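In: build me a model:
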Amino acid sequence: MSTRIAFLKGHGTENDFVIVPDPENVIDLPASAVAALCDRRAGIGGDGLLHVVRSAAHPEARGMADRAEWFMDYRNADGSIAEMCGNGVRVFARYLQRAGHVAEGDLAVATRGGVKTVHIAKNGDVTVGMGRALLPEDGVTVSVGERSWPARNVNMGNPHAVAFVEDLAHAGNLYTPPPFSPAAVYPDGVNVEFVVDRAPRHVAMRVHERGSGETRSCGTGACAVAVATARRDGADPAVTGTPVTYTVDVPGGTLVITEHPDGEIEMTGPAVIVAEGEIDTDWLRTAAR
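Out: Here you go, the predicted structure:
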């Protein structure tokens with residue numbers, strides 16, 4: 001482990017991340033170290049960790065290096081590896097801009113969910129091309145206490161179960177993963193979104209992110225919610241040839257999601273860097289044991 005490890009802290013609609021720049025992929029970050037850094041009482045605190053690596057330097061991203069210089073090696077708060085994080089991509093892009101690696105405009109970011117297109121606007125908002133949603137036919141039932149709801153199965157590079165409820169309070173405390181059945185639909189766990197209507201093409205959601213618990217926002221979750229809501233409302237851009245846009249309120253702010261006729265989904269929202277410093281490596285070695 002390096003003797004000096006720089007870090008930054010950032011958030012996108014209050015989905016917050018520890019950012020560890022490591023262009024040449026020389027910092028050892030086992031799951032225990034990530035969990036220690038993301039601990040809100042004994043560490044820096046975050047819903048996840050953004051490990052910033054050049055694609056050519058990471059074995060999982062070398063195949064994408066000709067399309068994206070930078071790889072978002074994303075980890076959940078418990079140290080587990082995740083395929084994608086939509087809010088994380090926006091914060092990742094903001095860090096690259098702050099560090100002088102990119103400027104306003106368009107760039108590409110490699111993730112385990114593929115290469116994502118990003119646009120950094122002059123007003124500070126960041127738009128991410130989130131790819132296409134897959135809608136597996138396998139449905140599930142999600143439960144909280146004595147209540148249960150049918151949930152739409154949506155995959156945004158990571159799995160989601162979207163349940164429409166009458167009141168967001170019905171989701172409970174979301175400290176632990178809401179039970180779902182049949183379990184075989186999501187063998188590696190699932191992100192669960194609870195959704196209520198606010199107005200036409202305007203919804204609000206709460207989410208339990210697997211490996212992190214309830215978070216203030218989830219970008220892929222907001223996209224999954226927008227797609228599930230559109231289909232519930234009878235809207236399918238692939239059929240009509242017209243884009244459909246939903247405003248999705250999350251506890252930490254608001255995201256705007258647009259699904260295009262070719263299936264591409266774009267997410268727009270803020271991304272903020274709030275602090276930077278150095279990790280005490282002696283503490284990390286001890287905490288990661």
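In: show me where the stretch 1-150 of the chain has its strands.
Out: 5-12, 15-21, 48-54, 70-76, 105-111, 114-120, 126-132, 140-144, 147-155 (DSSP state E, counting those that start in this stretch).
In: need those in TSV (columns: mean pLDDT and mean neighbour count).
Out: All C-beta atoms are positioned from the backbone trio N, CA, C, and that covers glycine. As requested, the strands of the stretch 1-150 of the chain are exported to TSV (pLDDT from 0 to 100; neighbours: other Cβ atoms under 10 Å):
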stretch	mean pLDDT	mean neighbour count
strand 5-12	97	22
strand 15-21	97	25
strand 48-54	97	22
strand 70-76	97	25
strand 105-111	97	20
strand 114-120	96	19
strand 126-132	95	22
strand 140-144	97	19
strand 147-155	97	19
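In: rebuild these as TSV, extending it with distance to P261.
Out: Output for the strands of the stretch 1-150 of the chain, formatted as TSV (distance: least, Cβ to Cβ, whole Å):
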stretch	distance to P261
strand 5-12	27
strand 15-21	29
strand 48-54	32
strand 70-76	28
strand 105-111	21
strand 114-120	17
strand 126-132	11
strand 140-144	28
strand 147-155	18
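In: count of neighbours near G100?
Out: 7 (other Cβ atoms under 10 Å).
In: ok, it to A275 distance?
Out: Taking Cβ to Cβ, to the nearest Å as the measure, G100 falls 18 Å from A275.
In: for E104, same thing?
Out: 23 Å.
In: equivalent analysis for A61, please.
Out: 27 Å.
In: what do you get for V140?
Out: Distance, V140 to A275, using Cβ to Cβ: 39 Å.
In: so E69 makes contact with R54?
Out: Yes - with contacts counted by Cβ atoms under 8 Å, E69 reaches R54, the gap being 6.2 Å.
In: how about the helices in this protein?
Out: Taking DSSP state H as the test, the helices found in the chain are 31-38, 86-98, 219-232, 237-240, 281-287.
In: lowest average pLDDT across those?
Out: Comparing mean pLDDT across the helices of the chain, the lowest value falls on helix 281-287: a mean of 93.
In: what's that helix packed up against?
Out: Contact here means 3 or more Cβ pairs under 8 Å, 6 or more residues apart in numbering; DSSP states H and E; on that basis helix 281-287 packs against helix 31-38.
In: buried residues in the helix it packs on?
Out: Buried residues in helix 31-38, counted by 16 or more other Cβ atoms under 10 Å: A33, V34, A35, A36, L37, C38.
In: ok, R216 - contacts?
Out: Taking Cβ atoms under 8 Å, 6 or more residues apart in numbering, we find R216 in contact with H11, T13, E14, N15, D16, D47, V250, P251, G252, G253.
In: redo the residues you listed as CSV? Include distance to A288.
Out: Shown next, in CSV, are those (distance: Cβ to Cβ, whole Å):
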residue, distance to A288
H11, 24
T13, 29
E14, 27
N15, 24
D16, 21
D47, 19
V250, 31
P251, 30
G252, 28
G253, 32
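In: quick check: of these, which lies closest to A271?
Out: H11 (7.8 Å; Cβ to Cβ).
In: residues near the closest residue in space to the closest one that isn't next to it in sequence, how many?
Out: Among residues not flanking H11 along the chain, V272 sits closest, at 5.7 Å (Cβ to Cβ, 6 or more residues apart in numbering). Look at V272: counted by other Cβ under 10 Å, it has 15 neighbours.
In: restrict stretch 7-19 to CA atoms and write it as CSV.
Out: Below are the C-alpha coordinates for stretch 7-19, written out as CSV (Å, rounded to 0.1, in the frame of the first residue of the first chain):
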residue,chain,number,x,y,z
PHE,A,7,-8.7,11.2,-1.4
LEU,A,8,-11.6,13.5,-2.2
LYS,A,9,-15.2,13.4,-1.1
GLY,A,10,-18.0,14.2,-3.5
HIS,A,11,-21.7,13.6,-4.0
GLY,A,12,-24.4,13.5,-6.6
THR,A,13,-27.9,14.3,-5.2
GLU,A,14,-26.4,13.4,-1.8
ASN,A,15,-25.3,9.9,-3.0
ASP,A,16,-21.8,10.4,-1.6
PHE,A,17,-18.5,8.8,-2.4
VAL,A,18,-14.9,8.5,-1.2
ILE,A,19,-12.7,9.2,-4.3
